[in-house]
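*Asks:* below are the sequence and a predicted model for it; my questions follow.
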Amino acid sequence: MTQRLHLVFGGELVNPTETAFKNVDDIHIVGIFPNYATAFDAWKNEAQRTVDNAHMRYFIAHLHRLRDEEAPASPTEELG
């Protein structure tokens, strides 16, 4: 069975119309979730919690899309 992991994270943006974080050191990592539904619930919870700050944004990153198991490994991956 293929795992479809999702990362939920967010923080304060420089400009609310863009996606550049004001301070990368302050990014809030909510967690890694085993499916989109639980990631969405976590995202929604954080987004609602910070709704009064227009510069705060939370995102869902589809971690399973970052890695193609069929593609050959890069030289740095083979060092491990």
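*Replies:* In hand now; what should we look at?

*Asks:* going forward, measure contacts and count neighbours with C-alpha atoms only.
*Replies:* Will do.

*Asks:* give me the low-pLDDT residue ranges for the chain?
*Replies:* Residue ranges of the chain with pLDDT under 70: 1, 67-80.

*Asks:* what segments of it are helices?
*Replies:* 36-49 (DSSP state H).

*Asks:* do a quick rundown of the strands in it.
*Replies:* Listed in chain order, the strands of the chain (DSSP state E) span 6-12, 28-33, 56-62.

*Asks:* parallel or antiparallel, which strands does the last one pair with?
*Replies:* It stands for strand 56-62. strand 6-12 (antiparallel) (DSSP bridges).

*Asks:* could you give the angle of the partner strand to helix 36-49?
*Replies:* 10 degrees (axes from the mean of the first three to the mean of the last three C-alpha atoms, to 10 degrees).

*Asks:* how far is strand 6-12 from where the chain is centred?
*Replies:* 4 Å (C-alpha atoms, centre = their mean, to the nearest Å).

*Asks:* what's in contact with that strand?
*Replies:* Contact with strand 6-12 is made by 21-23, 26-36, 39, 42-43, 55-64, as judged by C-alpha atoms under 8 Å, 6 or more residues apart in numbering.
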